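turn this into a model:
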Amino acid sequence: MRGALGNSMNSAIDDISEDYQDWGLDNLSYKDGLLTLNLVTYIKGDDPIRFIVVFTDTVFFESYDESSHFQDYHLNRSSGVIGVYTASSLLEYAKTKTNVMCLSNDKLSHYSVMTTNEIIHVLTRTEPVVVNVT
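Down below sits the predicted model:
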């Protein structure tokens, strides 16, 4: 993984393909702040390439269909399948309308993981871990 919390987020996923439409969400699991996303691509033929993206300190997440938020999902977002936002309406909402920031010491970052069918937004205090499990 290359990058640092709050800056650009590039990962080994982008070394395979930076085009989020090449990737699919195979599985999502969440329990007690641990969000695990299993991503898969078949761009190299019949043999799948699989990655696990783990957020170990998830404060908030939401998942929705990629086409339902088409207009501004790249606004203030770094490039790549996993992106970090320098500013976002979701982060602003968490800061002003919820008690999340009081509980998080104002150190939340907003990431999104984009695949061909889903976008998963995550507010967290830690950078995600990306593991190739192919």
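
can you check the pLDDT for Glu18?
Turning to Glu18, the model gives it a pLDDT of 90.

in the protein, what helix or strand scores lowest on average pLDDT?
Using mean pLDDT, DSSP states H and E, strand 2-3 stands out as the lowest-scoring helix or strand of the chain, at a mean of 37.

the helices in this protein, which residues?
Residue ranges of the helices in the chain, as given by DSSP state H, are 12-16, 89-97, 100-104.

comparing the ones you listed, which comes out most buried?
With neighbours taken as mean count of other C-beta atoms under 10 Å, those reach their highest mean count in helix 12-16, at a mean of 16. Glycine gets a C-beta too; all of them are placed from N, C-alpha and C.

helices and strands around that one, which ones?
Judged by 3 or more C-beta pairs under 8 Å, 6 or more residues apart in numbering; DSSP states H and E, helix 12-16 is in contact with strand 49-55, strand 129-132.

of the ones you listed, which stretch is the most buried?
strand 49-55 (a mean of 19).

name the strands paired with it and say parallel or antiparallel.
Note on strand 49-55: by DSSP bridges, its sheet partners are strand 34-41 (antiparallel), strand 129-132 (antiparallel).

please identify which of those is closest to Met9.
strand 129-132 (9.2 Å; C-beta to C-beta).

I would like the residues contacting the closest one, please.
With contact meaning C-beta atoms under 8 Å, 6 or more residues apart in numbering, strand 129-132 is reached by 1, 11-13, 49-54, 56, 82.

likewise stretch 40-47?
For stretch 40-47, contacts defined as C-beta under 8 Å, 6+ apart pick out 16-17, 22-24, 26, 48-51.

can you convert these into JSON lines and add a column each for distance to Ile120?
Shown next, in JSON lines, are the contacts of stretch 40-47 (distance: C-beta to C-beta, whole Å):
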{"residue": "Ile16", "distance to Ile120": "19"}
{"residue": "Ser17", "distance to Ile120": "18"}
{"residue": "Asp22", "distance to Ile120": "16"}
{"residue": "Trp23", "distance to Ile120": "12"}
{"residue": "Gly24", "distance to Ile120": "12"}
{"residue": "Asp26", "distance to Ile120": "13"}
{"residue": "Pro48", "distance to Ile120": "20"}
{"residue": "Ile49", "distance to Ile120": "19"}
{"residue": "Arg50", "distance to Ile120": "17"}
{"residue": "Phe51", "distance to Ile120": "14"}
